[in-house]
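Enquirer: Provided below for reference: sequence and predicted model.
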Amino acid sequence: MDVINAIQKRRSVRTFDYERPVNDADIMKILEAGRLAPSWKNHQPWRFVVVRSAEGRAAIADCLSEGNPARTAIRHASAVLVLLGVPEEGEVHQEKSFYLVDCGISGENMYLEAVELGLSAVWVSLLDGPGVCRSVGAPEGWECVGVFPIGYALPEEEAKPRRPRRPLGEVAFLEKVGQAFQY
Ligand SMILES: Cc1cc2nc3c(=O)[nH]c(=O)nc-3n(C[C@H](O)[C@H](O)[C@H](O)COP(=O)(O)O)c2cc1C
């Protein structure tokens, strides 16, 4: 599959076929995609924790507010991937935390690889980050950048349309912002 196919196919999925587990071989491929991401000065300020146990998943789900629509998926998915960032391995330049950018790239690499493997997921970052860090035994100073429940989408989920995006003309320009890029 071309990368663009995975990009086009990807959408946030929060309900999975919980009877169909994700296998470890696929999880390894997903982790490898994250490991290979580019980063500022190649510092690779990311760590990944795969959480399979019901207790581990419940502890992470409890770090989301009741209203977060990804809570149930985290509780029931056969695999939850926790993306941790190590701020001290990154640098801040012009008030930009590069470790967050690096981890974002790594996270999207993993997400797209999951889609490539026929899996679905949702990126979850609105949570009690320190709580997630504690639940996975992260050392002091590390941060939870995101959590991904991963699974096989139910057919009705697969059938749902992609969420809309701004048209290209609104976000892409030629030479100067406001000047249309035409092709
Ligand atoms: C940084 C980030 C944080 C997100 N946090 C959550 C979250 O806490 N809970 C949730 O259900 N979805 C979360 N999402 C998923 C977004 O709501 C979703 O990507 C967006 O609505 C676009 O939909 P799509 O992914 O289907 O294209 C997050 C996405 C990103 C990129």
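Expert: Ah, there it is. Numbers count the residues shown, from 1 in each chain.

Enquirer: Buried residues in stretch 68-76, which are they?
Expert: Using 16 or more other C-beta atoms under 10 Å as the test for burial, stretch 68-76 gives N68, A70, R71, T72, A73, I74, R75, H76. In this view, the C-beta of every residue, glycine as well, is placed from N, C-alpha and C.

Enquirer: and the ligand, which of those residues reach it?
Expert: Subset of the buried residues of stretch 68-76 in contact with the ligand: N68, A70, counting by C-beta under 6 Å from any ligand atom.

Enquirer: Reformat the buried residues of stretch 68-76 as a markdown table; add secondary structure, distance to A180 and pLDDT.
Expert: Formatted as a markdown table, the buried residues of stretch 68-76 follow (DSSP: H, G, I helix; E, B strand; the rest coil; distance: C-beta to C-beta, whole Å; pLDDT from 0 to 100):
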| residue | secondary structure | distance to A180 | pLDDT |
| --- | --- | --- | --- |
| N68 | coil | 39 | 98 |
| A70 | coil | 37 | 98 |
| R71 | helix | 42 | 98 |
| T72 | helix | 43 | 96 |
| A73 | helix | 40 | 97 |
| I74 | helix | 42 | 98 |
| R75 | helix | 47 | 97 |
| H76 | helix | 46 | 96 |
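
Enquirer: Tell me the helices and strands packed up against the lengthiest strand in the chain.
Expert: With secondary structure taken from DSSP state E, the chain has its longest strand at strand 143-151. Using 3 or more C-beta pairs under 8 Å, 6 or more residues apart in numbering; DSSP states H and E as the contact test, the elements touching strand 143-151 are helix 71-76, strand 79-85, helix 98-116, strand 120-121, helix 129-135.

Enquirer: The fourth one - what's its average pLDDT?
Expert: Strand 120-121 comes out with an average pLDDT of 98.

Enquirer: what's it packed up against?
Expert: helix 98-116, strand 143-151.

Enquirer: going on from the longest strand of the chain, what's the next piece of helix or strand?
Expert: Sequence-wise, the next helix or strand downstream of strand 143-151 (DSSP states H and E) is helix 155-158.
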